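[1] Please find the sequence and the predicted model below.
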Amino acid sequence: MEAMVKKYQSKFRKVREDMNRWNELQSRLVSQFRNSSSIIERLQVLQQSKNYGNLNFVGGIGDSVLAKQMESLNNILLAMRKTLEEFHVIVMSLKKMHHDGRQLVKGSSSRLTVKQLQQQVGIKPSLVDCLDGLLLLYDMHHSEYLLKSSVVSALSALALKPSSSDIYALQQVLVDQPNIATKEVCVSIGSLPARKEREREIEKFNLFLTSYSPKKSANSSM
Amino acid sequence: METLDSTSSSSSRATDLKPENLSLGSSPLSPSVARLWRPAAQRNLRNQWPKLASYRKQWSSFSSAGRSHATALVNAHLSQRYMPMMELGVLSDMPDIRKKACAKLFKQQELQRSSLLSSYKDMVVVVIHMINTSRSMRCFLKGTNRSPLLQFSNCSEDLNDNGDGAGIPVFAFWSISTHEKLAEELIQMFILELSLKRLLVVEFVSIGCEVSHGNRLNWSNELYPDEFDHLRKSNLYSDETHEPVFPRLRERKSDDSAIISDNHSSPEVLQVYLTAWLAEVNIDTYRVDEIFATVGEEMHVGIT
């Protein structure tokens, strides 16, 4: 049991790293989105030669500026796709984490009884709870990844037919991460888990990590 | 190989006077001279190219500084312009609030204007550095090959010496003139972009200045002391028309018929100006990277 607890602890540490990485990627994606949307919003202005003022004296300037902006836009959109791929790597890692966690319980040499799995001492979470938590985290991030993918596709489509309000709405969705409830906003869509539930999960992991620290493990393991 | 001590240079001076002085120029180098010329030429090129790369970086940072000054200038100007219509809510009770705000915005614009001009000056100077570097790629024989100690320098002492080692490859394949051609292609982009930036600077600096007041900057005005001397070095000043050469785009002439718009400071126009500054249409970034990469390959050094 003690060995298993250790293995679980290292998994949760990995999950934490994944979450940090996710946050980094999130801010990168948001800034990429802002950059590309500001180009998209400019495109219409850039298409009218009356907006070029005295630059009109420089032959061909309009086409060149427009071409350069399209090129930058393309580069940013490509970079966003790469960021999405990195999100996907995290989703896959979470999936593996849950899978491994389940294997750990099923295939352990000293078969754990149902009672052991559900055993909860005080406020400490049981192994079953932790396993459920892993699944929940995977679900949330998987759904969020799919949502982000469609937002990026929608943005590419908007480049051809810009609409400021649509772009703003997309950006809001991107920032809010509705599938992953955060502390500030809680949007519960359908049956997707809401903030409190997620916070409780994270709370559990933290408890797990702290309560099963080496010193205490002697009392809590059986 | 490149030995510099007083005795050797004085001895080479003496032999210099002799009529048998072998000229480089078009005649192929004697193998012994070529053997010594190449390392010196290689050292020189390995020196000059990274300089160009670092000037390019400096250009980028000056250009982006200029852009932020221009953006701040535009924003301050637009805020000032919209001040009379602005909803100030509770603030409207404060005495002279609009007047004070306008005065402050005016001050800000003055500040940004001079910052923008100094960024522009930085860009002019960096382009001159680029030009000078591109002209220092040749390697001339100093004194004579008769002397046991050969020396090389950046300036020609002998009219017959082209400094290109009679066109032999410096590293693997390219002669000096190939290196020069690539450097020229590179700096042309920056020269043209500088010219375009000048037009934008004139426009930005003139924001808010009415033509009727006579204080509006013209294309033919010098933007800072000695600017025209600087521009002359980049061939951007015409001594015929006595004003800077008007900007054009790469591989294009500026003879297209122009559409003249009446309002040069509408928010849309200002936005286009800022975008044009950012876009650097005359600088083909891929080509620039490619030039540095291939040159680096040729010289077996990474230029970053």
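    Cool, the structure landed. As the structure is a computational prediction, the values presented were derived from the model and not from experiment.
[2] Can you pull up the most central residue in chain B?
    Nearest residue to the geometric centre of chain B (C-alpha atoms, centre = their mean): residue B:127, 1.5 Å.
[3] That one - that's part of a helix, no?
    Yes - membership of residue B:127 in a helix is supported by DSSP: H, G, I helix; E, B strand; the rest coil.
[4] list the contacts for it?
    By C-beta atoms under 8 Å, 6 or more residues apart in numbering or on different chains, the contact list for residue B:127 reads B:59, B:187, B:190, B:191, B:194, B:234. Quick note: C-beta positions are derived from backbone N, CA and C, even for glycine.
[5] Filter the residues you listed down to the buried ones, ChimeraX style.
    A single ChimeraX command selects the buried members of the contacts of residue B:127 (16 or more other C-beta atoms under 10 Å in any protein chain shown):
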select /B:59,187,190,191,194,234
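[6] From the contacts of residue B:127, which shows the smallest pLDDT?
    Of all those, residue B:234 carries the smallest pLDDT score, 83.
[7] That one touches residue B:192, doesn't it?
    No - using C-beta atoms under 8 Å, residue B:234 makes no contact with residue B:192, being 9.8 Å away.
[8] for the longest helix seen in chain B, packing partners?
    Using DSSP state H to define each element, chain B has its longest helix at helix B:31-82. Packed against helix B:31-82, as judged by 3 or more C-beta pairs under 8 Å, 6 or more residues apart in numbering or on different chains; DSSP states H and E, are the following elements: helix B:97-134, strand B:151-153, helix B:176-205, helix B:267-279, helix B:285-299.
[9] what about those, which gets the closest to residue A:172?
    helix B:267-279 (23.6 Å; C-beta to C-beta).
[10] now the helix or strand hosting residue A:37 against helix B:267-279, angle please.
    Element membership of residue A:37, judged by DSSP states H and E, is helix A:2-46. Interaxial angle of helix A:2-46 relative to helix B:267-279 (axes from the mean of the first three to the mean of the last three C-alpha atoms, to 10 degrees): 120 degrees.
[11] ok, and what's touching stretch A:152-163?
    A:33, A:36-37, A:40-41, A:43-44, A:73, A:77, A:80-81, A:84, A:166-167, A:170.
[12] cool, and stretch A:167-177?
    Against stretch A:167-177 from outside (C-beta under 8 Å, 6+ apart): A:26, A:29-30, A:33-34, A:37, A:40-41, A:144, A:147-148, A:151, A:154-155, A:158, A:182, A:185, A:187.
[13] and that stretch, C-alpha only, in CSV?
    Provided in CSV are the C-alpha atoms of stretch A:167-177 (Å, rounded to 0.1, in the frame of the first residue of the first chain):
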residue,chain,number,x,y,z
ILE,A,167,-14.0,37.8,-33.0
TYR,A,168,-14.6,39.3,-29.6
ALA,A,169,-16.9,36.5,-28.6
LEU,A,170,-14.4,33.9,-29.7
GLN,A,171,-11.7,35.6,-27.7
GLN,A,172,-14.0,35.5,-24.7
VAL,A,173,-14.5,31.8,-25.1
LEU,A,174,-10.8,31.2,-25.4
VAL,A,175,-10.0,33.2,-22.3
ASP,A,176,-12.8,31.8,-20.2
GLN,A,177,-12.0,28.1,-20.8
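[14] Chain B contacts on chain A?
    Neighbours of chain B within chain A, by C-beta under 8 Å from any C-beta of the partner chain: A:42, A:45-46, A:48-61, A:64-65, A:67-69, A:72.
[15] Can I have the buried ones of these as a PyMOL selection?
    Of the residues of chain A next to chain B, the buried ones go into a single PyMOL selection, burial set by 16+ other C-beta under 10 Å:
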select buried, chain A and resi 42+45+46+49+50+51+52+53+54+55+56+57+58+59+60+61+64+65+68+69+72
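[16] Looking at the residues of chain A next to chain B, which are in strands?
    Counting by DSSP state E, none of the members of the residues of chain A next to chain B fall within strands.
[17] Out of the residues of chain A next to chain B, name the ones that lie in helices.
    A:42, A:45, A:46, A:61, A:64, A:65, A:67, A:68, A:69, A:72.
[18] Residue A:16: neighbour count?
    A count of nearby residues for residue A:16, using other C-beta atoms under 10 Å in any protein chain shown, gives 14.
[19] Okay, it and residue A:93: tell me how far apart.
    12 Å (C-beta to C-beta, to the nearest Å).
[20] Report the rounded mean pLDDT for the helix or strand encompassing residue A:174.
    Applying DSSP H and E as the criterion places residue A:174 in helix A:164-176. Averaging pLDDT along helix A:164-176 yields 88.
[21] try stretch B:240-255
    pLDDT averaged over stretch B:240-255 gives 73.
[22] Next: stretch A:15-31.
    Here the average pLDDT along stretch A:15-31 is 93.
[23] Could I get the CA-only coordinates of it as PDB?
    Extracted C-alpha coordinates of stretch A:15-31, given in PDB (Å, rounded to 0.1, in the frame of the first residue of the first chain):
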ATOM      1  CA  VAL A  15      -0.400  16.200 -13.200                       C
ATOM      2  CA  ARG A  16       0.600  19.500 -11.500                       C
ATOM      3  CA  GLU A  17       3.400  20.000 -14.000                       C
ATOM      4  CA  ASP A  18       0.900  19.400 -16.800                       C
ATOM      5  CA  MET A  19      -1.400  22.000 -15.300                       C
ATOM      6  CA  ASN A  20       1.300  24.500 -15.200                       C
ATOM      7  CA  ARG A  21       2.300  23.800 -18.700                       C
ATOM      8  CA  TRP A  22      -1.400  24.100 -19.700                       C
ATOM      9  CA  ASN A  23      -1.500  27.600 -18.200                       C
ATOM     10  CA  GLU A  24       1.600  28.700 -20.100                       C
ATOM     11  CA  LEU A  25       0.100  27.400 -23.300                       C
ATOM     12  CA  GLN A  26      -3.100  29.100 -22.500                       C
ATOM     13  CA  SER A  27      -1.500  32.600 -22.200                       C
ATOM     14  CA  ARG A  28       0.500  31.900 -25.400                       C
ATOM     15  CA  LEU A  29      -2.600  31.000 -27.300                       C
ATOM     16  CA  VAL A  30      -4.500  34.000 -26.000                       C
ATOM     17  CA  SER A  31      -1.700  36.400 -27.100                       C
END
